[in-house]
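Trainee: This is a predicted model, with the sequence first.
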Amino acid sequence: MTTTLTPPATSAASAPDGPPARTPRRLGFGSRLSAWDLKLSPYLYISPFFVLFLVTGLFPILYTGVISFMDWDQIRGSGTFVGFDQYAYVLSQPAFWDALRNTFSIFVLSTVPQLLLAVFIAAMLDQNIRAKTLWRMGVLVPYVMAPVAVALIFSNMFGDQYGIINTLLGRIGLPGVGWHSDAFASHIAIATMVNFRWTGYNTLILLAAMQAVPREYYEAATVDGAGKVRQFFSITLPSLKPTLIFVIITSTIGGLQIFDEPRMFDQSGTGGADNQWLTISLYLYNLGWGEWNFGRAAALAWILFLLILVIGAVNLLISRSLVRDEGSRDGLTRAQRRAAARAARDRLAASTGKGARS
């Protein structure tokens, strides 16, 4: 007796030479929520800063821009549109150009010695000395002092008649310096206040960058016979380029906005009888709260804002070139490195496709 075995019928959904196809599983609500959380959570984490910036930063800037085109009445909270008349008035005033000259003069006299001294102190604190924590905390003490207290102390030190410095000069037979009457002398006095306050702050930033340099570099340089000075100029300074750029940019912005020291340098707080130490920020304060002309003060604020943007853009271009040269070991530019990366990805994709076909 013979039997005939009938093979099972093959379903249309199954593949003829492989396993049957599986129906794709739908994602549940929990999986979708997890995917949305992965995409949106970074934006939620950084959103408080941008919300706060919109309220306390961007809105005042735009509102000041609107007021700068008006003859604004602060009492009524309204104004008359006058176009660029406020800007033309500010730029036509000799006091503005005096303030601009004084601001740049004080900025140069404060920033250059400040950075040189900060680098030197940071290099000393980076050595193996005793009570390092005490010395590092000590350099930050002037920074945490109230700016008004610093200005009052130094304004008495630089007094024309009874100041400490002129008293000491008189005892050794030297004539006193007109710290308030001479423009350049007043700039030196105000720059000294700025250096006293900000040198320690910049020192700690540079010290942190110095401590990030691998110690193996110094050990190898010592084995090769390089001294401390050679190690500083060959290893430490090249490694500090990005940090120095940051310090220079922040010092530039702060130097252009200097206000506390010139404001407290004398009792009147108007920048001197002949605008000897009048700065842009102090001139802005005098226009707004001295003359109650907030339209002109807003126009000057926007001129200062644009000036900072221009100088910041120049610093950014310089910093990009310096950081690129310092961090690039192959001598290629960013565009060349991006092109090389795209070519490498194309070659990898081509080789992967050939391997899959074979």
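Mentor: Thanks, I have the structure now. Numbering: from 1, shown residues only.
Trainee: For the protein, give me the ranges with low pLDDT.
Mentor: The chain contains residues with pLDDT under 70 at 1-35, 319-338, 352-358.
Trainee: Go through the top helix by length along the chain and flag the buried ones.
Mentor: Assignment by DSSP state H gives helix 294-327 as the longest helix of the chain. Residues of helix 294-327 classed as buried by neighbour count (16 or more other Cβ atoms under 10 Å): 294-304, 311, 315, 319. C-beta coordinates here come from the backbone N, C-alpha and C atoms, glycine included.
Trainee: Gln267: which of these is nearest?
Mentor: Ala297 (22.7 Å; Cβ to Cβ).
Trainee: Wait, the closest one touches Gly290, no?
Mentor: No. Counting by Cβ atoms under 8 Å, Gly290 is not a contact partner of Ala297; they are 9.4 Å apart.
Trainee: So what does the nearest residue in space to Ser239 that is not next to it in sequence have for phi and psi?
Mentor: Distances taken as Cβ to Cβ, 6 or more residues apart in numbering put Val213 closest to Ser239, at 4.7 Å, once the chain neighbours are dropped. Backbone torsions of Val213, given as degrees, to the nearest 10, read phi -70, psi 130.
Trainee: so what's Val213 up against?
Mentor: Neighbouring residues of Val213 by Cβ atoms under 8 Å, 6 or more residues apart in numbering: Ile235, Thr236, Ser239.
Trainee: residue boundaries of the strands in this protein?
Mentor: 70-73, 78-81 (DSSP state E).
Trainee: winner for burial among those?
Mentor: strand 70-73 (a mean of 18; mean count of other Cβ atoms under 10 Å).
Trainee: I'd like to know which elements that one is packed against.
Mentor: Strand 70-73 is packed against strand 78-81, helix 85-92, helix 294-327, with contacts defined by 3 or more Cβ pairs under 8 Å, 6 or more residues apart in numbering; DSSP states H and E.
Trainee: just to revisit the earlier point, just curious, which of the contacts of Val213 is nearest to Leu169?
Mentor: Thr236 (37.9 Å).
Trainee: Quick check: closest non-adjacent residue to the closest one.
Mentor: Met210 is the one closest to Thr236 (Cβ to Cβ, 6+ apart), at 6.1 Å.
Trainee: For Tyr218, see how far away that neighbour is.
Mentor: For Met210, the distance to Tyr218 equals 11 Å [Cβ to Cβ, to the nearest Å].
Trainee: related to what we said a few turns ago, who wins for most neighbours among the contacts of Val213?
Mentor: Thr236 (20 neighbours; other Cβ atoms under 10 Å).
Trainee: can you tell me which residues contact that one?
Mentor: Thr236 touches Ala123, Met210, Val213, counting by Cβ under 8 Å, 6+ apart.
Trainee: again with Phe265
Mentor: So Phe265 contacts Ala151, Ser155, His180, Ser186, Ala189, Ile190, Trp277 (Cβ under 8 Å, 6+ apart).
Trainee: now those residues as CSV including neighbour count and distance to Thr203?
Mentor: Listed next are those as CSV, based on neighbours: other Cβ atoms under 10 Å; distance: Cβ to Cβ, whole Å:
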residue, neighbour count, distance to Thr203
Ala151, 20, 21
Ser155, 20, 25
His180, 21, 30
Ser186, 26, 26
Ala189, 26, 22
Ile190, 29, 21
Trp277, 29, 26
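Trainee: thinking Thr111 is in contact with Ile253, fair?
Mentor: No. Judged on Cβ under 8 Å, Thr111 makes no contact with Ile253 at a distance of 10.8 Å.
Trainee: So between these two, which is more surrounded?
Mentor: For the pair Thr111 and Ile253, the greater number of neighbours falls to Thr111 (21 against 13), based on other Cβ under 10 Å.
Trainee: do you know how far that one is from Asp71?
Mentor: 37 Å.
Trainee: distance of the spatially most central residue of the chain from Ala118?
Mentor: Nearest residue to the geometric centre of the chain (Cα atoms, centre = their mean): Thr250, 4.1 Å. Computed as Cβ to Cβ, the Thr250 to Ala118 distance reads 12 Å.
Trainee: same question, Trp135
Mentor: 14 Å.
Trainee: Gly269 now?
Mentor: 29 Å.
Trainee: Next: Ile205.
Mentor: 8 Å.
Trainee: With Ala273 instead?
Mentor: 34 Å.
Trainee: Look at the two and report which has more neighbours.
Mentor: With other Cβ under 10 Å as the criterion, Ala273 and Ala118 differ in neighbour count, and Ala118 comes out ahead with 25 against 10.
Trainee: just so I have it, where are all the helices in the stretch 201-350 of the chain?
Mentor: For the stretch 201-350 of the chain, helices defined by DSSP state H, counting those that start in this stretch occupy the ranges 215-223, 228-231, 237-239, 241-256, 260-263, 280-285, 294-327, 334-357.
Trainee: which helices and strands does the fifth one pack with?
Mentor: Same thing as helix 260-263. Counting by 3+ Cβ pairs under 8 Å, 6+ apart, helix 260-263 packs on helix 147-157, helix 183-211, helix 280-285.
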